[in-house]
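> Sharing a sequence plus its predicted fold:
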Amino acid sequence: MGMEKNWHFDTLAIHAGTPPDPVTGSIQTPIHQSAAFVFHDAAHAANLFALEEAGYVYSRLTNPTVAALQGRLAALEKGAGATCAASGHAAQMLSLFNLMQSGDAFVSSNKLYGGSVSTYTHSYKQFGWECHFVNPDEPENFRKAITPNCKAIFLEGLANPSGSVVDIQAVADIAHEAGIPLIVDNTLATPYLCQPFDWGADIVVHSTTKFITGNATTIGGAVIDKGTFDWSASDRFPLMSKPEPAYNNISFHKKFGALGYTMRAHALGLRNIGATMSPMTAFLTLAGVETLGLRMEKHVANAQAAAEFLKEHKAVANVSYAGLKDSPYQPLVKKYLPKGPGAVFSIELKGGYAAGKAFVENTKLFRHLANIGDSRSLCIHPASTTHHQLTEAQLKNAGIMPGTVRLSIGIEHIDDIKADLDQALSVKL
Ligand code: PLP
């Protein structure tokens, strides 16, 4: 990386991982839309397969356009290496695939995207992976839930949909005392607003579908490893520290050191699960992430103004935005999100379920759809959609009431955002 190490975030967001193409001089990273790559000779092929030499073999494992994005995301999170994936959910699975075997467990915050709660509760059981959910507002809850077969703690630092904030450093300390890593889903904050590695996190996952790409063109995900967790300090992580029978008996931590986790995520995770990001997705994400800093500044300013406006609105019972002065998360915002707590939050309407449904049907600027982190303002009624499959207790944990509406505030003009909120809230039921 050379001088890139000293560059600021906004510079890295444009340049990291993507020097001009050495063959053509193309300033934009080419879309290497190729399934496979020609070997120089038999020795080159053998070396690539044995992981003795870096290079490209087959795009399920590695691809130059995807690698460029991996370099950029690793730089933005200040990690040692990154693995891109087909979606945010695929990234979550890859992050655990390096650590978990059948019969293992992990502890997770219960304030998560509804799809993650459902995946961790039901689908991971098919692999024999157990998830113990805890309320993250009290970090000690994580310590109490750790069992000898636990391999990680997982949390969303800034949680979807309420925008609540977790004390990342306190939870990282608890994880490390137990000898396990902390995995932070940094999707809502993005590396521009929060740098989890500065606070002790070991692995970061993203749904790049959201703010990182920022224009709703693609589904994607990424796992970034800080590269400092000692996988060999105990016998708890045999997949990282012991010879791997599924790949030439390589011990990934021993052979690759700080890059061991990322190498295994490619060589075993992507190779065997196949949840690979496409070159076209990587290209669109590279283009989107260039403006991440600019966009997040505007997202946060608009979210703050919209939240203050909604708090005073007669149809609104509650606004969850952590940027509001009376939010219980203010101290954590000041510490972990000094530039602002993102642009996703929920409001609770006085009119309950009927008012929630009426609101999403009456907005004109806010698009009613199942996504967040677009440049457009978005809304959804979780009780009838994203969180429909959760039990009442899970809904309560996630802060979802019948009249809750989740908002993702875009980067349009704030006056238009406020006007649309006002007219949609003023429609007679
Ligand atoms: N993590 C968070 C915080 C999310 O909000 C989402 C999706 O909404 C995901 C992960 C899953 O990402 P994807 O939809 O890209 O699989």
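On my side now, so go ahead.

> Show me which residues of the stretch 251-400 of the chain sit near the ligand.
For the stretch 251-400 of the chain, the contact set with the ligand under C-beta under 6 Å from any ligand atom comprises residue 372. Every residue, glycine included, has its C-beta placed from N, CA and C.

> contacting residues around the residue in the stretch 251-400 of the chain that the ligand sits nearest to?
Across the stretch 251-400 of the chain, the shortest distance to the ligand (C-beta to the nearest ligand atom) belongs to residue 372, at 5.9 Å. Shown in contact with residue 372 (C-beta atoms under 8 Å, 6 or more residues apart in numbering): 160-161, 188, 210, 344, 378, 406, 408.

> What residues are bridge-paired with the closest residue to the ligand within the stretch 201-350 of the chain?
Of all residues in the stretch 201-350 of the chain, residue 207 sits closest to the ligand, at 3.1 Å by C-beta to the nearest ligand atom. With DSSP bridges as the criterion, residue 207 is bridged to residue 221.

> Could you check how far it is from residue 87?
Residue 207 sits at a distance of 7 Å from residue 87 (criterion: C-beta to C-beta, to the nearest Å).

> Which one's more surrounded, the two?
Under the criterion of other C-beta atoms under 10 Å, the comparison of residue 207 against residue 87 puts residue 207 first, with 30 against 19.

> Quick check, the more buried one in contact with residue 85.
No: counting by C-beta atoms under 8 Å, residue 207 does not reach residue 85; the two are 9.6 Å apart.

> Need the residues touching each of those two.
With C-beta under 8 Å, 6+ apart, residue 207 and residue 85 have common neighbours 91, 220-221.

> near the ligand too, which of those?
residue 221.

> ok, of the contacts of residue 372, which one's closest to residue 282?
residue 210 (15.8 Å; C-beta to C-beta).

> follow-up on the earlier one: where's the dip in pLDDT among the contacts of residue 372?
Here the lowest pLDDT out of these sits on residue 161, with 87.

> where's it, which helix or strand?
According to DSSP states H and E, residue 161 maps onto no helix or strand at all.

> Check the gap between the one residue in the stretch 1-150 of the chain that gets nearest to the ligand and residue 112 for me.
Proximity of the stretch 1-150 of the chain to the ligand (C-beta to the nearest ligand atom) peaks at residue 88, 2.2 Å away. Separation of residue 88 from residue 112 (C-beta to C-beta): 11 Å.

> anything in contact with each of these two?
residue 185.

> which helix of this structure spans the most residues?
When the chain is parsed with DSSP state H, its longest helix is helix 292-311.

> give me the beta-bridge partners of residue 154?
Bridge pairing for residue 154 - DSSP bridges - gives residue 108, residue 183.

> which ones are touching it?
92, 96, 106-109, 120, 131, 183-185.

> switch the cut-off to 10 Å
By C-beta atoms under 10 Å, 6 or more residues apart in numbering, residue 154 lies in contact with 92, 95-96, 106-109, 112, 116, 120, 131, 133, 142, 171, 175, 181-185, 203, 205.

> With residue 120 instead?
92, 96, 106, 108, 110, 112, 129-133, 154.

> just to revisit the earlier point, and the contacts of residue 154 near the ligand, which?
Among the contacts of residue 154, the ligand is touched by 116, 185 when using C-beta under 6 Å from any ligand atom.

> In strands, which of the contacts of residue 154 appear?
106-109, 131, 133, 182-185, 203, 205 (DSSP state E).

> Go through the residues you listed and name the one nearest residue 50.
Checking these against residue 50 with C-beta to C-beta, the nearest one is residue 203 at 26.2 Å.

> if we can go back for a sec, count of residues packed around the residue of the stretch 1-150 of the chain closest to the ligand?
23.

> Give the buried residues for stretch 238-248.
239-242, 244, 247 (16 or more other C-beta atoms under 10 Å).

> Tell me the secondary structure of the residue nearest to residue 64 when sequence neighbours are not counted, please.
Distances taken as C-beta to C-beta, 6 or more residues apart in numbering place residue 32 nearest to residue 64, at 4.5 Å, with adjacent residues excluded. Judged by DSSP: H, G, I helix; E, B strand; the rest coil, the three-state class of residue 32 is coil.

> wait, doesn't residue 32 sit right on residue 65?
Yes: between residue 32 and residue 65 there is a contact under C-beta atoms under 10 Å: 4.7 Å.
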